[in-house]
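> Sharing a model prediction with you, sequence too.
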Amino acid sequence: MRNLYWVITAAVLAIIVHISMVLFAPGFLFERNLNRLASDVPDNTFFILPVTAQSAIFPEYPSGTVFGLCRFNLTSGPVTLDANLPDGIWTLTVYSRFGRTLYTVTDEQSGVDKFSLQLAMAPSIFDVFSLKEDENEIEASGWKVLSSDERGFAVFWVPALDKAMRESLSETLSRSSCGKATTTS
Amino acid sequence: MARVSVKIFSVLCGVVGGWASALSFIDSVGSMPVGAAGNWRMWDLASGTASNPYARAHFLIEGRVPPAQSLFQVYTTSLDDEGSTLSSGCVYKITAGGLESRWWSLSVGPLNSQDKDSSAAVTSDEVVRGPDRSLDVAMARYPVAGNWIRPATEGTLTLQLVVSNVDEPQAAGDLKLPTVQRVSC
């Protein structure tokens, strides 16, 4: 009977470790890696990922590819992402801080290379019930991504025909910006 | 003394068992075999599936960003068509017949950021096709005429194929994955 107690303890512990290893540890390991690679870039700032950092977090993609990143933090309000993309193929993916995909858009879907995307916290259940109907209509206008996680990152991907094109693509993409949304009255 | 040993043994079994099962599940549940020979594996990141947390953990645990399933499909293999492990000491011929996606990239890992001369990837933008639109890529440490990818490190290799889903999402079974034949060692 006493041994059975310890067998059950071992099984419960194994389940806890398994779940932690799959659901929580990878997110923290990834966040630590991203912090290390972009330690000098503050939140809500757009930057082009250097080639060395790119090969660490996007090893499957060729070095000519350009990645632009914005690590957003919604604790002090919504963040606006102003995209300036080159003509041609590109994608934008918004992730939660633990790598869950929140939103994707491509050049073909958007039809434009310059646009603004607002990132905001998803309303809580209480907010949903207390929201008036007309407030909801105002919120529905424009491109908006609601995140249940206050932190995350947006990734622009722009492939280059060859490595020589990387610089000009980076220059175009670097005109994008990411910052706290300005409120209009 | 015996009781203390049972306690320690149980806790150790729980921790090691949970840790080992998580690592095993990340590989086995997170990916599924695809392709004619079954050597290629696809990381299934579709949301709402049982494989999703394991596939996501596979990328995050290495500090990599998981691709959005709606935009990219990632296939990997570390075996040739005969089931032998891919090695940097051998020359391989990679043949594909149906890679018609808007963008794709075939790369060999692991990468070495110190190796500036490395050309470890070939993409749909730069590849040269045969008259029948077939595709041959050589993988070797020394230059080979035609499409060529060069492993950046010595030892066991992994081939990675990233296929864009942007134009039309392809089911895993629809895509004819490249064959990998060993030419010499």
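Nice, I can see it. Numbering: from 1, shown residues only, chains lettered A, B, ... in the order given.

> contacts and neighbour counts: CA atoms only from here.
Fine.

> Give me the mean pLDDT for the lengthiest helix in chain A.
The helix that spans the most residues within chain A, counting by DSSP state H, is helix A:2-19. Per-region confidence: helix A:2-19 scores 88 on mean pLDDT.

> any idea which helix or strand comes after that helix?
Tracing the chain C-terminally past helix A:2-19 and defining elements by DSSP states H and E, one meets helix A:25-37 next.

> Point out the other helices and strands that the next helix or strand after that following helix packs with.
Towards the C-terminus, the helix or strand next in line after helix A:25-37, according to DSSP H and E, is strand A:46-48. Secondary-structure packing of strand A:46-48 (3 or more C-alpha pairs under 8 Å, 6 or more residues apart in numbering or on different chains; DSSP states H and E): strand A:66-73.

> Spatially, what comes nearest to residue B:127 if we skip its sequence neighbours?
If the residues on either side of it in the chain are set aside, residue B:127 comes closest to residue B:147, at 6.4 Å by C-alpha to C-alpha, 6 or more residues apart in numbering or on different chains.

> Against residue A:155, how distant is residue A:57?
Distance check for residue A:57 against residue A:155: by C-alpha to C-alpha, to the nearest Å, it reads 12 Å.

> circling back to that earlier point, and for the longest helix of chain A, what's in contact with it?
The set of residues that contact helix A:2-19 without belonging to it, under C-alpha atoms under 8 Å, 6 or more residues apart in numbering or on different chains, is B:6-7, B:10-19, B:21-22.

> Pull the distance from it to the chain's centre.
Relative to the centre of its chain, helix A:2-19 is centred 36 Å away, using C-alpha atoms, centre = their mean, to the nearest Å.

> buried stuff in it?
Applying a neighbour-count criterion of 16 or more other C-alpha atoms under 10 Å in any protein chain shown, one finds A:6, A:7, A:9, A:10, A:11, A:12, A:13, A:14, A:15, A:17, A:18, A:19 buried in helix A:2-19.

> Kindly report the same for stretch A:45-58.
A:45, A:46, A:47, A:48, A:49, A:51, A:53, A:54, A:55, A:56, A:57, A:58.

> now those as CSV including distance to residue B:71 and pLDDT?
Below are the buried residues of stretch A:45-58 laid out as CSV (distance: C-alpha to C-alpha, whole Å; pLDDT from 0 to 100):
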residue, distance to residue B:71, pLDDT
A:45, 24, 89
A:46, 22, 91
A:47, 22, 91
A:48, 20, 91
A:49, 20, 87
A:51, 22, 83
A:53, 22, 83
A:54, 18, 84
A:55, 19, 81
A:56, 20, 82
A:57, 17, 84
A:58, 15, 85
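
> nearest to chain B, of those?
Of all those, the one sitting nearest chain B is residue A:57; the distance, using C-alpha to the nearest C-alpha, is 4.1 Å.

> ok, the closest one - contacts?
Under the criterion of C-alpha under 8 Å, 6+ apart, the contact list for residue A:57 reads B:63, B:64, B:65.

> excluding its backbone neighbours, what's nearest it?
The spatial neighbour of residue A:57 that comes closest, neighbours along the chain excluded (C-alpha to C-alpha, 6+ apart), is residue B:64 at 4.1 Å.

> ok, back up a step: looking at the contacts of residue A:57, which has the most residues close by?
The residue in the contacts of residue A:57 with the most neighbours, by other C-alpha atoms under 10 Å in any protein chain shown, is residue B:64 (25 neighbours).

> pretty sure it contacts residue A:55?
No. Between residue B:64 and residue A:55 no contact is recorded; they are 9.3 Å apart, counting by C-alpha atoms under 8 Å.

> Low-confidence regions, chain A specifically.
Counting by pLDDT under 70, the ranges of chain A that qualify are A:1, A:127-142, A:183-185.

> Please repeat the previous calculation with a cut-off of 50.
A:138, A:140, A:185 (pLDDT under 50).

> Report the secondary structure element holding the most centrally placed residue in chain B.
When chain B is reduced to its mean C-alpha position, the nearest residue by C-alpha atoms, centre = their mean turns out to be residue B:76, at 1.6 Å. Of the helices and strands defined by DSSP H and E, residue B:76 is found in strand B:72-77.

> before we move on, what about residue B:93?
strand B:91-96.

> next structured bit after that strand?
Using DSSP H and E, the first helix or strand after strand B:91-96 is strand B:104-109.

> Compute the inter-axis angle for that next one and strand B:72-77.
Orientation of strand B:104-109 against strand B:72-77 (axes from the mean of the first three to the mean of the last three C-alpha atoms, to 10 degrees) gives an angle of 40 degrees.

> Could you identify the longest helix within chain B?
Criterion DSSP H: the longest helix present in chain B is helix B:2-28.

> thinking in terms of the whole chain, how far from its middle is it?
29 Å.

> What is the next helix or strand after that helix packed up against?
Using DSSP H and E, the helix or strand that follows helix B:2-28 towards the C-terminus is strand B:31-34. Strand B:31-34 makes packing contacts with strand B:40-43 when contacts are defined by 3+ C-alpha pairs under 8 Å, 6+ apart.

> Residue A:93 is in contact with residue A:101, isn't it?
Yes. Taking contact to mean C-alpha under 8 Å, the distance of 7.0 Å between residue A:93 and residue A:101 places them in contact.

> I am finished for the moment; much appreciated.
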